[in-house]
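**Student:** Next input, structure requested:
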Amino acid sequence: MVMSWVPFLAMVVVMCNCVGADPVVADAPVSEVLAKYGLPIGLLPDSVKSYSVADDGSFKVELDSPCYVQFNYLVYYEKTVTGKLSYGKITDLDGIQAKKFFIWVNVIGIEVDLPSANYIYFNVGLLSKKIEISWFESVPTCKNSLENKPCSEIEVVLTE
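**Tutor:** All right, here's what the predicted structure looks like:
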């Protein structure tokens, strides 16, 4: 009688491990994951502290702190960036803003030109901005916009 329960218990254990599985936290640099998905390695700054990617492509990236990077436009990265990866694009993006003139706009999607990949498109709602992909060929340094120091060198001063 006990032996008849063994297959059932094994099936329950397998199902528990598969259903609702946590995202995989990888040891490889996040730039390698971007390249695996056909995206340029310079989409995220060098201050990535950790990240996880689920089987469905959903991801979460944690930075050391919020920061700025100067590309063709000034770009702001929140401490947490989330979205969904698929080959050649990121959808449902949250945590990145770009400054156009005096206005900050949320970047909600990114897509590369396939198969040639000469351009990258940043979706900011109803509009999309086309930029040469060469701007994103290397991992940018994350900076504090006020002092222009790398985020890892910013000193925090507490006042009482």
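
**Student:** So what touches stretch 34-49?
**Tutor:** Stretch 34-49 has contacts (C-beta atoms under 8 Å, 6 or more residues apart in numbering) with 29-32, 61-65, 67, 69, 77, 81, 85-90, 110, 112, 114, 117, 120, 133, 135-142, 150-152. All C-beta atoms are positioned from the backbone trio N, CA, C, and that covers glycine.

**Student:** Disregarding residues adjacent in the polypeptide, which is nearest to I133?
**Tutor:** I120 (4.8 Å; C-beta to C-beta, 6 or more residues apart in numbering).

**Student:** can you give me the helices for this structure?
**Tutor:** 2-18, 30-36 (DSSP state H).

**Student:** Run through the protein and note the low-pLDDT ranges.
**Tutor:** 1-26, 145-160 (pLDDT under 70).

**Student:** Please enumerate the strands of it.
**Tutor:** Taking DSSP state E, the strands of the chain run over residues 48-53, 58-63, 67-70, 74-86, 89-100, 103-106, 109-112, 119-123, 128-132.

**Student:** In CSV: these, plus distance to G42.
**Tutor:** What follows is the strands of the chain, written out as CSV (distance: least, C-beta to C-beta, whole Å):
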stretch, distance to G42
strand 48-53, 12
strand 58-63, 14
strand 67-70, 9
strand 74-86, 11
strand 89-100, 13
strand 103-106, 20
strand 109-112, 12
strand 119-123, 10
strand 128-132, 12
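
**Student:** okay if I get those strands as a markdown table plus mean neighbour count and distance to K36?
**Tutor:** Output for the strands of the chain, formatted as a markdown table (neighbours: other C-beta atoms under 10 Å; distance: least, C-beta to C-beta, whole Å):
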| stretch | mean neighbour count | distance to K36 |
| --- | --- | --- |
| strand 48-53 | 16 | 10 |
| strand 58-63 | 18 | 12 |
| strand 67-70 | 20 | 22 |
| strand 74-86 | 17 | 9 |
| strand 89-100 | 18 | 13 |
| strand 103-106 | 12 | 26 |
| strand 109-112 | 20 | 13 |
| strand 119-123 | 19 | 17 |
| strand 128-132 | 13 | 22 |
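
**Student:** Looks like the residue nearest to I133 contacts V112 (just checking).
**Tutor:** Yes. With contact defined as C-beta atoms under 8 Å, I120 counts as touching V112 (5.1 Å).
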